[in-house]
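**Q** got a sequence here, can you model it:
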Amino acid sequence: MGNSDSKISFQRAVEQLGSPGPVEAGDVAVWDQLCQESLTSIQDVFSLLPAEEIRKLREDSPTNLSTLCYKIVEKLTKSVESSCRTSAEQQTVLNSCRLLTRLIPYIFEDPDWRSFFWSKPEPGMKEGADQTPLGKSMMLAICDLLFCPEFTVSSAGNRSRDEVDELINLDSCEYIWEKGVGFAQTPSQTPQHHHNRVELLRLILTCCSESIYLPPTNEAHIGGNKWVHLFTSPENRHALPLFTSLINTVCGYDPAGVLPYNHLIWADSKENLVEMALQVLVVTLDQDLPMDGDNPDGPPDNLFLNYLSRIHREEDFQFMLSGITRLLMNPLVQTYLPGSQRKVHFHQELLIFFWKLCEHNRKFMFHVLKSSDVLEIIVPILHHLNDARADHSRVGLMHIGVFILLLLSGERNFGVRLNKPYTATVPMDIPVFSGSHADLLIIVFHKIITTGHQRLQPLFDCLLTILCNISPYLKSMSMTAACKLIHLVEAFSTPWFLMSNQTNHNLVFFLLEMLNNIIQYQFDGNYNLVYTMIRKRTVFHQLANLPTDINKAVNKKIKKPLSRQNSNNADQSMEGSYPAKTAEPGTLETSLIKLPRIERLTEGVSAHPSQKQLDRLTQAMDSSSMESRNSFSSEVFPVQPGAELNQSEEKEETRDAFGKSRVKRSDSNYTAEGWRPTPEWIRSWKNQLPLQTVMRMLQVLVPQVEKMCIDKGLTDESEILRFLQNGTLVGLLPVPHPILIRRYQANPGTAMWFRTYMW
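**A** Numbering: from 1, shown residues only. All right, here's what the predicted structure looks like:
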């Protein structure tokens, strides 16, 4: 009964604010009704304050809306001054936060109101009054309240609430929320404190969401987000304890608990807090776009980024890595008791957080790569990539997963760690295979390319760049992965694909570079791949003899390659897996800015250990072949395949019976710009195809294999594989080429992409 009366009083106060005349600032009854009524949750405020009422208040009674915001912030600041000791003050703080959380988005959506919180204080104030902008007063008050004893944190030691220092003078480093980075104590946890923190963090997140209402252009974001800047600046005296509290809350969370099915018996007050803390963390780790004249190598103005880059203790790295892998693997863990563990689903925020950690703290990334723990990150990423490949609403998840793999693949240890055998602990909709984590990577990439939706085509060059980066370190490839890899060569080297886009040929360059790396540096263990290349040798011969005449190239019939007898068995999916689902009807298509091209994302570096070895290799190389390789490594960069496809209405992607991606093109032109392939264009890249190593290997091995099959009458491939396993090409191949690793490099394009994806 009392709760319904409170809601009626609240509605009356809202109606009074929407009346034509202004409500006086001294009318205490109206403001008290709005902030002090016992509204038990944020849902109550949202239901009692519909969007139409707020927009009407903004348009018809702007003075009342302005006064309301000032009065709410005033109640927050007064609560800080009084140290928020009573339950009535605490309830006022919670309702004030809920009101601001509801109002602020409608203030941001109107361009004329966006500067409201940073403009001069309320008109009519006395000359000697505090001239602090409203937004600053509100943000600093919230940060103070996040370390308020008996409201958001427990009192330190055995002191009672009355013995605690005034909130404004409190040393918040003693009240960090969780044990972990920079804090060795274990504070007591109270569910009510968790709920109160969530309300305050939700308001901070709402304030920082101003970026949503700005256009996704660099110019609109040059000034940075003032809310994030203030929250992470030295003006916020709680910046360090807030940073450590958020990280420790996220990385220290274990949703599994001790007993099975405990989540069905007890509500977990911490789950919402962890999700909210993680969202605030990734938002506040957003880096401002550099302005002209800025030094990008200088220390960041954002203290959160500064603190993140300075973490260096091994135990802190392990604490963060264990927490991230535990939460990423949580929804994928299979138990003997179905549904016995709580499942959390904030993997997208976790991936962004992991990206930020690796990007801004290189020591952390090296710690991740120095052990097999990195595979606990890779497997969930590949699972999400495989699961989301057919859902256009999750295209952002596909991008962030590929970005992380691209970043990690620039380091040698990543390729080395992938050689660890993979045991199928996570069911995926991929063929059953027995091999390494590298095989898993190749099979999932093949699945994405051949069965993913059309909006993933700009990612093809990133996927193949990752395969190129890891290829010199792959010791042994399974037969399943080898077949999938050669199938990509076969699909991308067909004339209809090469002629349908002026950048598609670059995908073939990537695949040939990968094969060259494996043949030159890891030939001994990759007999499955060599055998598959021998079986599909016509693919390479046809590529080498590609006609420069357009009509002849496109209309040339290609013989259907022989299929393996047990190919049907190889395509059986893992037990317990489900096929990738498309977006549900009515799902909004994700709106993201255009992905930067690969040459903007990466920079080429040599993977050879010493300059002396490079010089020795360079001197031994034939000048003509060296000239050809240099022109490829320095000039040929795959750009967005399919960038024109997204803009052209005269093309559509279809798939044949074998799952190959085909492009239907109109008779009038090839692209929206009217580009047509010419014999000169074909010759310009055909002469640079790095086919020498592959063709030399086939020239040596094919006659030997054919002779052995004829002499021994072999019909079983196992004998051929045994022969290749014991064979060698030492002294028969061209001089090994230098390994080129393409490492991710930060740029404004990806920074803006992450900002749009994050929100």
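
**Q** state the next helix or strand along the chain beyond the helix or strand containing residue 355.
**A** Using DSSP states H and E, residue 355 sits in helix 347-360. On the C-terminal side of helix 347-360, the nearest following helix or strand under DSSP H and E is helix 362-369.

**Q** in PDB, list the C-alpha atoms belonging to the next helix or strand along the chain from that next one.
**A** Using DSSP H and E, the helix or strand that follows helix 362-369 in sequence is helix 375-388. Listed in PDB are the C-alpha atoms of helix 375-388, where the atom choice follows Å, rounded to 0.1, in the frame of the first residue of the first chain:
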ATOM      1  CA  LEU A 375      45.100 -21.500 -26.000                       C
ATOM      2  CA  GLU A 376      42.400 -21.000 -23.300                       C
ATOM      3  CA  ILE A 377      41.800 -17.600 -25.000                       C
ATOM      4  CA  ILE A 378      42.000 -18.900 -28.600                       C
ATOM      5  CA  VAL A 379      39.500 -21.800 -28.200                       C
ATOM      6  CA  PRO A 380      36.600 -19.600 -27.000                       C
ATOM      7  CA  ILE A 381      37.400 -17.000 -29.700                       C
ATOM      8  CA  LEU A 382      37.300 -19.700 -32.400                       C
ATOM      9  CA  HIS A 383      34.000 -21.000 -30.900                       C
ATOM     10  CA  HIS A 384      32.400 -17.600 -31.100                       C
ATOM     11  CA  LEU A 385      33.700 -17.000 -34.600                       C
ATOM     12  CA  ASN A 386      32.400 -20.300 -35.800                       C
ATOM     13  CA  ASP A 387      29.000 -19.800 -34.100                       C
ATOM     14  CA  ALA A 388      28.400 -16.200 -35.300                       C
END
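
**Q** and the helix or strand hosting residue 201, what does it pack against?
**A** Element membership for residue 201, per DSSP H and E: helix 191-208. Counting contacts by 3 or more CB pairs under 8 Å, 6 or more residues apart in numbering; DSSP states H and E, helix 191-208 is packed against helix 87-108, helix 134-145, helix 226-231, helix 269-284. Bear in mind the C-beta positions are built from the backbone N, C-alpha and C, glycine included.

**Q** if we go to 6 Å?
**A** Contact analysis of helix 191-208 by 3 or more CB pairs under 6 Å, 6 or more residues apart in numbering; DSSP states H and E lists helix 87-108, helix 226-231, helix 269-284 as its packing neighbours.

**Q** list the buried residues of the following helix or strand past the last one.
**A** Next in sequence after helix 269-284, counting helices and strands by DSSP H and E, comes helix 303-310. When neighbours are counted by 16 or more other CB atoms under 10 Å, the buried residues of helix 303-310 are found to be 303-309.

**Q** elements contacting helix 303-310?
**A** Judged by 3+ CB pairs under 6 Å, 6+ apart, helix 303-310 is in contact with helix 239-251, helix 347-360.

**Q** mean pLDDT and mean neighbour count for these - can I get that in TSV?
**A** What follows is these, written out as TSV (pLDDT from 0 to 100; neighbours: other CB atoms under 10 Å):
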stretch	mean pLDDT	mean neighbour count
helix 239-251	95	24
helix 347-360	92	21
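
**Q** so which of those is nearest residue 429?
**A** Residue 429 lies closest, by CB to CB, to one member of those: helix 347-360, at 17.6 Å.

**Q** tell me the helices and strands packed up against the closest one.
**A** Helix 347-360 is packed against helix 269-284, helix 303-310, helix 314-329, helix 395-409, with contacts defined by 3+ CB pairs under 6 Å, 6+ apart.

**Q** let me know the pLDDT of residue 661.
**A** Confidence at residue 661, expressed as pLDDT, is 39.

**Q** do the same with the one 4 residues further on
**A** Model confidence at residue 665, expressed as pLDDT, equals 34.

**Q** repeat that for residue 18.
**A** In the prediction, the pLDDT value recorded for residue 18 is 64.

**Q** before we move on, back to that, among the helices and strands packed on helix 347-360, which is nearest residue 132?
**A** helix 303-310 (20.1 Å).

**Q** how about the helices in the stretch 601-750 of the chain?
**A** Across the stretch 601-750 of the chain, reading from the start of the chain, the helices by DSSP state H, counting those that start in this stretch fall at 611-620, 623-635, 643-647, 679-686, 692-712, 717-726, 748-758.
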